[in-house]
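**Q** sequence below, structure please.
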Amino acid sequence: MNIRSLTRGDGVVIGAAVLLFIASFLDLYSIDGAPDSLDVPSLWSSGPVLLGVVLAGIIGAALIVVARGLPQAPKVAGLDMAQFGIAFTVFAAWSALGNIFDPAGGADNFDGASDGPDAGTGLILALIAALVMAAAAVATPLVPALKAALLGAPRPAAPQPYGGQPSGGYGYPGAQQPQPPYGGQPGPGQPGPGQPGPGQPFGGQPQAPQPQAPQPQAAAAQPPASDFSPFWFAVPVPRPLFAEDGSQTTIAELAPGTWYLAVEQRGPSLVAQTQDGRRGVLQDTSGIQRG
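**A** Residues are numbered from 1 along each chain as shown. Below is the predicted model:
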């Protein structure tokens, strides 16, 4: 499960679910004139409130978050798991609204019965949490601000260019040997002016340099390098990756919070490579974050 694929709307849903869970431990009723010693039941003491509001809302939030974090969300009866989660949150908000209007559940409708208790603190907070949760779940696919990634993607380490050589150093064949300063002492193993070199007898004449054979020219000139260089990028929202043959077949879906490698540019589109080695064309490149 990739938590970096969660959106800001998912964060609102998670926060509302936490508030709903806290509200379930608070008072279900508010009774005027009741003594402080009266033990008012919580939301867990009412079956309709527990099943229709608390558990329905928490289950709906869990379905939405799990469906967003999975690479391929499973389907039930042809519907995505996230759609079931949205339906659960809307049902929880509707049930909470009904319990606010009639906390006693119809028990105060008998002949001669007095007015029942009012909604308690827990039931009011549960209604607020359920409404926020349902609104965020419905609006996330529609509002761009809620579709943005909840967690920013970490920047990858800058890769070395393909074929690049390390800088010259000790023991590297391309390293430059230190040159003595003008008028200074030569380094160890280097002959100074007027001194014989290695293998040359003292007082002898310096040997003439041996002519070197000309280096063969390259058989063919190297082709000019392309202006495009591969780079890492991340997408702000989930986007499809189409096949390279130009068809509209979706081979993968790029998720926010994950870095992908762009290996080629085709006009406004990019040829991207996923972590499992699949390659495809990203047609919508607006708003991507370069690594």
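**Q** quick one, longest strand in the chain?
**A** strand 260-266 (DSSP state E).
**Q** which residues does that one contact?
**A** The contact list for strand 260-266 (Cβ atoms under 8 Å, 6 or more residues apart in numbering) reads 228, 230-235, 254, 270-275, 279, 281-282. Every C-beta, even on glycine, is put in place using the N, C-alpha and C of the backbone.
**Q** swap in stretch 90-108?
**A** With Cβ under 8 Å, 6+ apart, stretch 90-108 has contacts from 20, 28-29, 46, 48-49, 52-54, 56-57, 60, 113-120, 123-124, 126-127, 130-131, 133-134, 137-138.
**Q** cool, stretch 277-286 as well?
**A** Contacts of stretch 277-286 (Cβ under 8 Å, 6+ apart): 235, 239, 241-244, 246, 251-252, 254, 262-263, 266, 268-274.
**Q** at 10 Å what do you get?
**A** Stretch 277-286 has contacts (Cβ atoms under 10 Å, 6 or more residues apart in numbering) with 233, 235-237, 239-252, 254, 260-274, 288.
**Q** ok, of those residues, which come out buried?
**A** Among the contacts of stretch 277-286, those that count as buried by neighbour count (16 or more other Cβ atoms under 10 Å) are 233, 235-237, 239-242, 252, 254, 260-262, 270-274, 288.
**Q** surely Tyr29 is in contact with Ser46?
**A** Yes: Tyr29 sits in contact with Ser46 when judged by Cβ atoms under 10 Å, with a separation of 9.3 Å.
**Q** in the stretch 51-200 of the chain, mark out all the helices, start to finish.
**A** Remark: helices assigned in the stretch 51-200 of the chain by DSSP state H, counting those that start in this stretch are 56-69, 81-101, 121-139, 144-147.
**Q** what's the closest of those to Leu6?
**A** Shortest distance between Leu6 and these, using Cβ to Cβ, is found for helix 56-69: 5.6 Å.
**Q** tell me the angle that closest one makes with helix 81-101.
**A** Here helix 56-69 runs at an angle of 160 degrees relative to helix 81-101 (axes from the mean of the first three to the mean of the last three Cα atoms, to 10 degrees).
**Q** would you mark the buried spots in helix 56-69?
**A** Quick answer for helix 56-69 (16+ other Cβ under 10 Å): 56-65, 67-69.
**Q** tell me the least confident of those?
**A** Minimum pLDDT across the buried residues of helix 56-69 is recorded for Gly69, with 79.
**Q** give me the low-pLDDT residue ranges for the stretch 51-200 of the chain?
**A** 105-116, 152-200 (pLDDT under 70).
**Q** which of the contacts of stretch 90-108 are buried? Put it as a ChimeraX command.
**A** Buried members of the contacts of stretch 90-108, defined by 16+ other Cβ under 10 Å, are picked up in ChimeraX with:
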select :20,28,29,46,49,52,53,54,56,57,60,117,119,120,123,124,126,127,130,131,133,134,137
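**Q** please tell me the pLDDT value assigned to Pro216.
**A** pLDDT, Pro216: 44.
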